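with the input below, show me the fold.
(2 chains)
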Amino acid sequence: DAKTTQPTSMDCAEGRAANLPCNHSTISGNEYVYWYRQIHSQGPQYIIHGLKNNETNEMASLIITEDRKSSTLILPHATLRDTAVYYCIVRVAGSGGSNYKLTFGKGTLLTVNP
Amino acid sequence: DVKVTQSSRYLVKRTGEKVFLECVQDMDHENMFWYRQDPGLGLRLIYFSYDVKMKEKGDIPEGYSVSREKKERFSLILESASTNQTSMYLCASSLIRAYTFGSGTRLTVV
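Next comes the predicted model:
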């Protein structure tokens, strides 16, 4: 699986948009970009994933550059409850055993300030 | 919503004990995973299973074994617990894409 690079930490003001970047310059054509977050003392939570098109759901938006070498997770109106470690992961699509493994990096600690 | 339930939130065991960590999911998922999480090291995959009775080693399988006799249940076994296995253990399940994680078991080996 391709490696990802994320900033160690970021701050955001409550009510503002939080834009979390991720570089994945070695991503392959069949690899998806996934985002998870982990609030303190809880298990990670799935947020969103995409292949090449931008995606939006009730939690966030995912913007993937045209060359797919980087992406941005956008939380449109951050709240204090969004304070968490955010993980960007790339993983090959497809069926079969080890294709379903997720490898977590260190992630970005997003702190939302009042 | 998929629910992944880990049997204990906190567990204290003695060195040398055999320890069972249980994980149950209620959505008929094929794939189940065990991770451990330690400060500064992040989440590391111990074992995973993509079908009943099937298992594969993850990145750090040493000192652990697993059992998957039924689709909904995936057990992590510490054959002889050691202090370096003190950690937060997280179970997850998935069908194809997204994982659902349990709340974790914080294991302390004394």
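
tell me how far the residue most central in space within chain B lies from B:Leu107.
Centroid check for chain B by CA atoms, centre = their mean gives B:Trp34 as the closest residue, at 3.3 Å. B:Trp34 sits 12 Å away from B:Leu107, going by CB to CB, to the nearest Å. For glycine as for every other residue, the C-beta is placed from the backbone atoms N, C-alpha and C.

sorry, back to before: list the residues that contact the residue nearest to the centre of chain B.
Shown in contact with B:Trp34 (CB atoms under 8 Å, 6 or more residues apart in numbering or on different chains): B:21, B:23, B:45-48, B:58, B:64, B:66, B:74, B:76, B:89-91.

repeat for A:Thr4
A:Thr4 touches A:Cys22, A:Asn23, A:His24, A:Cys88, A:Ile89, A:Val90, A:Gly105, counting by CB under 8 Å, 6+ apart.

so which of the residues you listed would count as near chain B as well?
Counting by CB under 8 Å from any CB of the partner chain, A:Gly105 from the contacts of A:Thr4 sit close to chain B.

what subset of the contacts of A:Thr4 is buried?
Neighbour counting with 16 or more other CB atoms under 10 Å in any protein chain shown marks A:Cys22, A:Asn23, A:His24, A:Cys88, A:Ile89, A:Val90 as buried within the contacts of A:Thr4.

so which of the residues you listed are in strands?
A:Cys22, A:Asn23, A:Cys88, A:Ile89, A:Val90 (DSSP state E).

from A:Cys88, how far out is the second one?
In this structure, A:Asn23 and A:Cys88 are separated by 9 Å, where distance is defined by CB to CB.

out of everything not next to it in sequence, what's closest to the residue of chain B found nearest chain A?
Among the residues of chain B, B:Phe101 lies closest to chain A, at 3.0 Å counting by CB to the nearest CB. In this structure, B:Phe101 finds its nearest non-sequential neighbour in A:Gly43, 3.0 Å apart by CB to CB, 6 or more residues apart in numbering or on different chains.

farthest-separated two in the ones in strands among the buried ones among the contacts of A:Thr4?
The span of those, defined through CB to CB, is set by A:Asn23 and A:Ile89 at 12.8 Å.

need the contact list for B:Gly57.
Careful, residue B:57 is Lys; it's not Gly. So B:Lys57 contacts B:Tyr47 (CB under 8 Å, 6+ apart).
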